[in-house]
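Enquirer: Okay, predicted coordinates and the sequence, questions at the end:
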Amino acid sequence: MEPIKDPKFDVDKMIDSVIDYTELFLTGVKEVVKSGKELEEKKFMTYWFSVMNSSNMSSQQCLFFTHLINELYETGFFRSPASIKYHGNYRCGLVEHSIGVFYYMVKFYREVKDLREKYSMFDIMITALCHDLCKIGLYNEVKYDGNTIPPSVKLDKDQPKFIKNNKRRSFGHGEQSIWTLKDLECKIKSEHSECDIVDIKFDVIEAIRWHMGRYDLSGYGEFEYDKAKRNNKLVLVTHYADDLTSSWDNR
């Protein structure tokens with residue numbers, strides 16, 4: 001269910017407020033990461049409440065997103081790294097990376113009129129936060145003990161090291177994230193009937209599927225990706241935001 005459009009609602013002001021909130025929050029996340037602590041759910045929810053209150057999301061969308069955050073906290077999303085040796089290869093790296101993707105997506109949202117006309121802030125939030133759900137529980141932390149870490153790996157004694165486990169199925173990167181999101185969506189709607197009318201758009205699902213761009217192609221994947229990015233602007237926006245956060249903005 002989409003919120004009723006208020007002609008008096010100032011979209012530009014809303015977007016600028018979200019960008020300001022996100023810049024401030026990312027600074028705080030960096031401090032948490034440096035300290036080696038875990039990001040508190042309460043602080044994360046306070047940030048998203050600020051975003052939701054400044055947007056024109058429906059009450060059902062706000063409720064659904066709140067339950068989604070609660071579910072993600074239980075899965076270990078807030079503790080997971082984003083990779084083993086590249087961007088976000090540390091505790092809380094995944095949530096930090098996801099907020100970074102949201103930040104760049106909102107910047108694109110501000111500049112591209114077609115995005116603002118077709119997609120809501122809820123769509124952007126779901127796409128950014130859930131694009132890498134496949135990485136939840138994918139990496140196991142290995143404590144330094146002088147034996148399990150090869151001598152060739154230069155590692156401080158207090159720095160965690162991660163190795164990939166065998167939980168990943170044969171699905172691709174994007175497909176696994178979609179599967180996890182739809183599983184969480186079903187759980188939320190089965191436990192909270194008031195969220196039944198919340199719709200996650202096909203374009204959001206497609207953007208999550210192709211957020212890796214040409215880095216995650218096989219078979220006829222290149223043809224399908226080209227088709228998706230022509231028909232769905234959210235696909236390219238998500239990919240570019242993900243690439244920017246991973247490559248340029250390795251916070």
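Expert: The structure has been received and is ready for your questions.

Enquirer: Lowest-scoring secondary structure element of this protein by mean pLDDT?
Expert: Scoring the helices and strands of the chain by mean pLDDT, DSSP states H and E places strand 161-164 at the bottom, with a mean of 65.

Enquirer: next SSE after it?
Expert: Along the chain past strand 161-164, the next helix or strand (assigned with DSSP states H and E) turns out to be helix 173-191.

Enquirer: How far off centre is that next one?
Expert: For helix 173-191, the distance from its own C-alpha centre to the chain's C-alpha centre is 13 Å (CA atoms, centre = their mean, to the nearest Å).

Enquirer: try stretch 108-124
Expert: Relative to its chain's centre, stretch 108-124 lies at 16 Å (CA atoms, centre = their mean).

Enquirer: which residues sit in contact with Thr66?
Expert: For Thr66, the contacting residues are Met45, Trp48, by CB atoms under 8 Å, 6 or more residues apart in numbering. No exception for glycine: its C-beta is placed from N, CA and C like everyone else's.

Enquirer: What strand or helix carries it?
Expert: helix 59-75.

Enquirer: buried ones in the helix or strand following that helix?
Expert: Tracing the chain C-terminally past helix 59-75 and defining elements by DSSP H and E, one meets helix 93-111 next. For helix 93-111, a neighbour-count test (16 or more other CB atoms under 10 Å) marks 93-110 as buried.

Enquirer: ok, the residue lying closest to Leu236 once chain neighbours are set aside - how many residues close by?
Expert: Distance criterion CB to CB, 6 or more residues apart in numbering; nearest residue to Leu236, sequence neighbours excluded, is Lys229 at 5.0 Å. Residues lying near Lys229 (other CB atoms under 10 Å) number 18.

Enquirer: quick one: Lys229 and His211 touch, right?
Expert: No. Counting by CB atoms under 8 Å, Lys229 stays clear of His211, with 10.9 Å between them.

Enquirer: which residues are in contact with both of those two?
Expert: Val235, His239.

Enquirer: got a list of what Phe77 touches?
Expert: Listed by CB under 8 Å, 6+ apart, the contact set of Phe77 reads Leu94, Val95, Leu133, Ile136.

Enquirer: And Glu23, by the same measure?
Expert: By CB under 8 Å, 6+ apart, the contact list for Glu23 reads Tyr103.

Enquirer: gap between it and His173?
Expert: Taking CB to CB, to the nearest Å as the criterion, Glu23 is separated from His173 by 28 Å.

Enquirer: How about Phe122?
Expert: 23 Å.

Enquirer: neighbour-wise, which of the two wins?
Expert: The neighbour count for Phe122 versus His173, taken as other CB under 10 Å, is higher for Phe122 (25 against 18).

Enquirer: Phi first, then psi, for the more buried one.
Expert: Summarising the backbone geometry of Phe122 under the convention degrees, to the nearest 10, its torsions are phi -60, psi -40.
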